[in-house]
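Enquirer: Sequence plus predicted model, see below.
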Amino acid sequence: MKISIIIPVFNEVNYIRTVIDNVYEKKKEFDLEIIVSDDGSTDGTVDLIKNNSKIDKFITKKNEGKGSAIIHALNYVTGDLVLIQDADFEYSPDDYRLLIDPFIKDNADVVYGSRFQGSSKKRIIYYRNRLANFILTHLSNLFTNLNFSDVECGFKVFKAQVLKKINLQEKSFGFEIETTMKISKLNLRIFEVGVSYLGRTKEEGKKIGLKDGIQAIYLIFKYAIIK
């Protein structure tokens, strides 16, 4: 089973090389291809990694958002599974086994990580962000009738054919909601596993904010209506 790791990146000069190094180490355990999709970084990220021999494919484009970086990278995927790995090191490649096991043992089609399940370590951080995620998750669950605990978790794995089939449109952080709403309308085997989480503060570079939360609410209603 070949796994395509998509790393969407925007202005992560302080983290990206460490993330790539840690993902590359997992080639000892899994058949991986590493695709880094840069979303128009301006902080030196591109110069730092464009010739990195540990990357199988490097793509760069104008700044449009995380979703756009993922959509663009899908054109280069050759794996059976697609795993989204954020470039800020909030999520650890050490959890790959947890995310991939349901595909091997339970014939999963999609696996979501959850920052609020399991016994893995979690950094204690912003309560308001947690509350916003709680609201978004439960609102999404209300429309999809699925019992997710963390729809906004950045750690997600899909069978490649599933992710390509749902015809992604959202170019921003709305990727998380769009995928959730669209997979809920398919007859899929969906699993969730607890993962570790080393959340960042705004001072450390966290990018998601209030406008992204408002957009997420809009997208839940949008994709609940669209067939």
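Expert: Yep, it's here.
Enquirer: List the contacts of the longest helix belonging to the chain.
Expert: When the chain is parsed with DSSP state H, its longest helix is helix 127-144. Helix 127-144 is contacted by residues 146-152, 177, 180-181, 184, 208, 213, 216-217, 220-221, 224 when judged by Cβ atoms under 8 Å, 6 or more residues apart in numbering. (Glycine included, C-beta is placed from N, CA and C.)
Enquirer: which stretches of this structure form helices?
Expert: Going by DSSP H, the chain shows helices at 16-25, 45-49, 66-73, 96-105, 127-144, 160-165, 175-183, 210-225.
Enquirer: Which elements pack onto the third one?
Expert: Using 3 or more Cβ pairs under 8 Å, 6 or more residues apart in numbering; DSSP states H and E, the elements in contact with helix 66-73 are strand 2-9, strand 31-38, strand 57-60, helix 175-183.
Enquirer: Low-confidence stretches in this structure?
Expert: For the chain, the stretches flagged by pLDDT under 70 are 200-208, 227.
Enquirer: Recalculate using a threshold of 90.
Expert: 50-51, 88-90, 117-133, 172-173, 198-213, 225-227 (pLDDT under 90).
Enquirer: just to revisit the earlier point, what comes up buried for the longest helix of the chain?
Expert: For helix 127-144, the neighbour count (16 or more other Cβ atoms under 10 Å) marks 129, 132-133, 136-137, 139-141, 144 as buried.
Enquirer: Show me which of those is closest to residue 114.
Expert: Of all those, residue 137 has the smallest distance to residue 114: 9.5 Å, by Cβ to Cβ.
Enquirer: returning to that earlier point: tell me which of the helices and strands packed on helix 66-73 lies nearest to residue 74.
Expert: So among the helices and strands packed on helix 66-73, strand 2-9 is nearest, using Cβ to Cβ, at 7.6 Å.
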